[in-house]
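K.L.:
coords please:
(chains A, B and C)
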Amino acid sequence: MDNTIVETRPHTHETAVAQEHTHVALPQHRHHFETEQQQREAGTFGMWLFLLTEIMFFGGLFFAYLLYRNWYPAAFVGASNQLSIPLGAFNTAVLIASGFFMALGVWAAEVKKQGLLVLFLVLTTVLGMVFLGVKYVEYHEKWEKHHIPGEHYDVSEFVNPHAYGLKEEPMSPDMAQKTQVFFSLYFAMTGMHALHMIIGICLLVWLTLRARRGEFSSGYVAPIENFGLYWHFVDIVWLFLFPLLYLINRHPGT
Amino acid sequence: MHISPVLWQFLVKWLNASALFPREASTIAPYTDALYFFLLLITVVGLVLVGALVFGFSIRYRKAEHPVAIPVEGSTLLEATWTIIPLALFLIVFVWGALLYFRIYTPPANSMNIYVVGKQWMWKAEHPGGQHEINALHVPTGRPIQLTMISQDVFHSFSIPDFRVKREVIPGRYSTVWFEATTPGTYHIFCTQYCGTNHSAMIGEVTVLTPDDYEKWTASSTSGMSLAQNGERLFASMGCNACHSGSATARGPNLAGVYGSKLRLANGSEVLVNDAYLRDAILNPSQHITAGYAPIMPTYQGQISEDGLIDLVEYLKTLKTNYRVQQTLTTTESNQVAPTTPGVVKP
Amino acid sequence: MSAAHTILNLPDQSTAALPKKSYINAEDGILSWLFTGDHKRIAILYLISITFFFFIGGAFAGLIRLELLTPQPDLVASDTYNKLFSMHGIIMVFLFLVPSVPATLGNFLVPIMLGAKDLAFPKVNLLSWYLYWIGGLFTLAALVLGGVDTGWTFTTPLSTHYLNTHVVTAATGVFIIGFSSIFTGLNFIVTIHRMRAPGMTWFRMPLFIWSNYAASILMVLGTPVLAITLVLVALERTIGIGVFDPTKGGDPLLFQHLFWFYSHPAVYIMILPGMGVISEVISTFSRKRVFGYTAVAFSSVAIALFGFFVWAHHMFIMGVSNYSALVFSLLTMLVAVPSAIKIFNWAFTLQKGSITFETPMLYAFGFMGLFTIGGMTGVFLGALGMDIHLTETYFIVAHFHFVMVGGMLMAFLAGIHFWWPKMTGRMYSESLSKLAAVTTFIGFNLTFLPQFILGYLGMPRRYHSYPAEFQVLNVLSTAGATVLGVGYMLPLLYLAWSLKYGAIAGNNPWQATGLEWQIQSPPLTENFIETPIVDHEAYDYEWLAHKTEHEVTTVG
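P.N.:
Residues are numbered from 1 along each chain as shown, chains lettered A, B, ... in the order given. The predicted structure follows:
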């Protein structure tokens, strides 16, 4: 499990495996781990714990979503139908693919293939950017249609869908007001998710540069592995967001 | 309570005279105070016990007296004791507190209802007879009074410490509290939920009168129409009578006598028609469609104040026949066509 | 050996000197402190920081009590008063109480108590200090720009739609400080799981570790919910996303649930580490293992677990359903039990001990009494019908000050006085510190006991003016606050003085067990020259006696 080391001699550099976690500009660096394995396990544990905090973070939003969807089902259905399933599905595929390449990147680091590692990191980054680009397109469309909650929100498309060429049933005005809640949650949830993607992409760029310098080609793979955990988590959040936001009450032919 | 009533009265009077204890001015106050004294008792006993243990052991086993400590691992018996006894005491408190809570928040059936609207930074009380009060409330002794409260803006909280009652006053839904005053006098009303700049100025006075004095006050302070009369006026001027005319072919359900009944909704559920339901049905009609009727009622969100809603609710409470409704229908010029595909409605 | 009334065992002052090398002089220059990875240096950085914010928050408290001397709103304008209590709450809760023991004593001691050289993630530790300051600067900015008057509870819709003060700035500050807290907790959990020295099993760890572990679980799981709640408030204020806005179909009560889901566990984040300190202090000054070690350890975890399920007891009168009210009241009664267990275990630690009354022990005794009162008044509030009368009054104010100040702050001071010689190598003046402890205790009771009475009388909290009949009790409370203030200033003075002129403390002035007392004072940067092998239980005074007998040289 843990702490099975029995050595009592002072820690030295004679242990074979390189164990560094220095970054620039930190003059005070200490080898406070006994073994490289301990360091690696601690790092992974730490990342899992951090992901647990992220689950709690998104959890508040999911709770709000469950509550309001329960209260205003018609508004949620109507508002959800405004989202583009093709774009959402495309984004889902993009993210899954990026997760696939990230996993390949972890493998490449473990088998010490630097070139492949860099390639896979770049592919992951590019796909992540594609995802964000599509999200921008979607957000822009919402802005144009006045579906961003606030002063300029416009319920007319819900109250009078036939005038907009839609085949939906008209919604009563008070229920149409509630579509703002859906969009509030849509922007909060996908926006928070996008923020995490942006942070992830910044980290990816940094890791790619380090990978190019060969920092992960001699057995030190912890940053790649742990970032992989983070990226997969962001991926999984989207896998929950997509059906909850885009696929409410969708039947074939609707 | 198992204390002699005489002793209890003496205790309370003495405490109150020393400005350390509030007056007991409602029927529920003695119940609250009884629980309070029990809690005080177990707190004092607990504190004395802990204090005795700490001081006792400190003195008996101080270093000068007991230079060598004797290791003791623990004692399952003691652990069990001080787990079970506090737990038992706390559970007693839980049950007692729960019973008291239900007493305070379950109004008797024959309560007289007064509406209270809270807004930054004042209280408006509206008696059914039409009396309006600001930061004041006149009530008779000996009658249960229910307050139906709502906020026009932020969270407030209506508190009468001498009655031991308090309830949050929330925007968007009614909350209720009841009391029965026992002693004529004036008592503080406080707003106890921080609500902005003049939170501490949102205070008032309850004036408790004998039933006779209350009658005199009611008679002298009526300012015109009762709430129900005002509601009837609104019912016509806002066009409700067009659909809710009470005739067999009306587009909206008959509202005479609907208050207090059980209604079957279009989505299959059954609801009890009370104040909260009526208010919500006016503001969010699409979620309150009576079975057998089309969802065509427009929303009045933003078009009617809480005072207006109270008037309408009070009107509907008293509505027994549609005779006057139909009268107003033929005399008002109502061009309110129930919209089937409403035009662009500004949010 | 030592005198009959104290266990203090200082080295011979004529020959004693601070160790040549320690974490303090290992590297020179301010940059070596600002970019350190050493958990001990970070702890000191935190200590200075929270002390700074404590006195700002305390100044606000002083102004509040000054205003409340008279029933009229005559000292400051209403808006200013509202800002005073809001800032007092925000600073004291987020910038003082939450980090107090974990970020100072916890950071310093957790690795050493476990036999490790540092926490698992030293850079994350440093980052958490920077996040603390960035959040603190946002909070100060909100103050300087004009203040925030939402109360520390940011209640909607007041905070989202009815105030035009610097709510978003303050909320941003609290958001960032939240991540400081999360990273501290994360670091502790990983360290405790993965970096214990050989032989240090879970049940050989000091109870201080158990308490910080339980608090860390709460930090890690609860704080993110506060973070997202504040984000939603900020979004509602800035771009109009109305998750809590009734006019847009939202529900302000949802904010309450989300806010209290963190803020109730937060109070256990605040108190649990303090309870850990009490365990250490009572054990040392009774020369005995804590009575019922296992019970106390499990109680810490139980408090953390149960603490997640009681949040709606802050909302009993707000429109939660009757069934919810019943459930939360019952759970509140359950969460009170482990605290009672701890109090009795500590009391029985004294039995058959050999007790001395140095300053840390005085603070510990103060804690026991005041926390008992504070905790029991919590039971008052957990009783549904009782809460109706007491909620939102000064009873609540008195209750939480008893547990947070009478409890937590006393425990913090106990810890500071206990581990000061370890952290600095110096000893402070015992007579002055005892004076401060007694002054604090008297001042505290005078300040807050009248507030229980005021609460039952019905005086609401957050009131700028009040009916004249409440004045006498308010005057008593303000008088107490003055005494309390003096009690808190004194340590600042004699502790600072001790840094230069205090007696040399030596490794183990209190003759305590615990790995931290077996190394030099102040410790080396790497804490241990050799990784210790632990073959004894916690609080093993026989082991200590045996070791002292056979010890030839002192470490360092």
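
K.L.:
look up the closest residue to the residue of chain C found nearest chain A, ignoring the ones flanking it.
P.N.:
Going by C-beta to the nearest C-beta, chain A is nearest to C:G240 of chain C, at 2.8 Å. Yep, even glycine has a C-beta here, placed from its N, CA and C like the rest. Spatially, and ignoring its direct neighbours in sequence, C:G240 is nearest to A:G150 (2.8 Å; C-beta to C-beta, 6 or more residues apart in numbering or on different chains).

K.L.:
so the one you found sits against C:D245, correct?
P.N.:
No: using C-beta atoms under 8 Å, A:G150 is not in contact with C:D245, being 10.4 Å away.

K.L.:
out of the two, which sits in the more crowded spot?
P.N.:
More crowded of A:G150 and C:D245, by other C-beta atoms under 10 Å in any protein chain shown: C:D245, with 24 against 18.

K.L.:
quick check on the more buried one: phi, psi?
P.N.:
Backbone torsions of C:D245, given as degrees, to the nearest 10, read phi -100, psi 120.

K.L.:
low pLDDT regions in the chain?
P.N.:
Reading this off chain A. A:1-30, A:251-254 (pLDDT under 70).

K.L.:
you answered for a different chain; I wanted chain B.
P.N.:
B:1-3, B:223, B:330-347.

K.L.:
all helices for the chain, in order.
P.N.:
With no chain named, the answer covers chain A. If DSSP state H is used as the criterion, the helices of chain A fall at A:36-71, A:73-80, A:85-110, A:114-144, A:156-159, A:173-177, A:179-212, A:222-246.

K.L.:
actually chain B
P.N.:
Under the criterion DSSP H, chain B carries helices at the ranges B:5-17, B:29-60, B:76-105, B:211-221, B:227-237, B:240-243, B:275-283, B:306-318, B:323-331.

K.L.:
helices or strands up against the second one?
P.N.:
The helices and strands touching helix B:29-60, judged by 3 or more C-beta pairs under 8 Å, 6 or more residues apart in numbering or on different chains; DSSP states H and E, are helix B:5-17, helix B:76-105, helix C:322-349, helix C:359-382, helix C:384-390.

K.L.:
chain B contacts on the stretch 151-254 of chain A?
P.N.:
Residues of the stretch 151-254 of chain A found near chain B (C-beta under 8 Å from any C-beta of the partner chain) are A:153-156, A:159-160, A:162, A:170-177, A:180.

K.L.:
skipping adjacent residues, who's closest to the residue of the stretch 251-400 of chain C found nearest chain B in space?
P.N.:
Proximity of the stretch 251-400 of chain C to chain B (C-beta to the nearest C-beta) peaks at C:G385, 2.4 Å away. Of all residues not flanking C:G385 in the chain, B:L100 sits nearest, at 2.4 Å (C-beta to C-beta, 6+ apart).

K.L.:
dump the residue contacts of that neighbour.
P.N.:
By C-beta atoms under 8 Å, 6 or more residues apart in numbering or on different chains, B:L100 lies in contact with B:I28, B:Y31, B:T32, B:L35, C:A383, C:L384, C:G385, C:M386, C:I388.

K.L.:
let's go with 7 Å and repeat that
P.N.:
By C-beta atoms under 7 Å, 6 or more residues apart in numbering or on different chains, the contact set of B:L100 is B:Y31, B:T32, B:L35, C:L384, C:G385, C:M386.

K.L.:
picking that back up, so which of the helices of chain A is nearest C:V486?
P.N.:
helix A:36-71 (41.1 Å; C-beta to C-beta).

K.L.:
quick check, stretch C:183-200 touching chain A?
P.N.:
Yes: Stretch C:183-200 reaches chain A (C-beta under 7 Å from any C-beta of the partner chain) through C:L186, C:I189, C:V190, C:H193, C:R194, C:M195, C:R196, C:P198.

K.L.:
if we can go back for a sec, ok, which of the residues of the stretch 151-254 of chain A next to chain B also contact chain C?
P.N.:
Residues shared between these and the neighbourhood of chain C are A:Q177, A:Q180 [C-beta under 7 Å from any C-beta].

K.L.:
show me which pair in the residues of the stretch 151-254 of chain A next to chain B is furthest apart.
P.N.:
Within those, two members stand farthest from each other by C-beta to C-beta: A:H162 and A:Q180, at 21.5 Å.

K.L.:
more neighbours: these two, which one.
P.N.:
Counted by other C-beta under 10 Å, A:H162 and A:Q180 do not tie: A:Q180 has more neighbours, with 27 against 11.

K.L.:
so the more buried one touches A:D154, yeah?
P.N.:
No: using C-beta atoms under 7 Å, A:Q180 makes no contact with A:D154, being 10.2 Å away.

K.L.:
one step back: by neighbours, which of the contacts of B:L100 wins?
P.N.:
Most surrounded of the contacts of B:L100: other C-beta under 10 Å gives C:L384, at 30 neighbours.

K.L.:
residue contacts, C:S128?
P.N.:
Contacts of C:S128 by C-beta under 7 Å, 6+ apart are C:S180, C:F183, C:T184.

K.L.:
go through these and say which is closest to chain B.
P.N.:
C:S180 (27.1 Å).

K.L.:
ok, that closest one - contacts?
P.N.:
C:S128, C:L131, C:Y132, C:G135.

K.L.:
and of the residues you listed, the nearest to B:F179?
P.N.:
For the contacts of C:S180, the residue nearest B:F179 by C-beta to C-beta is C:G135; the value is 45.2 Å.
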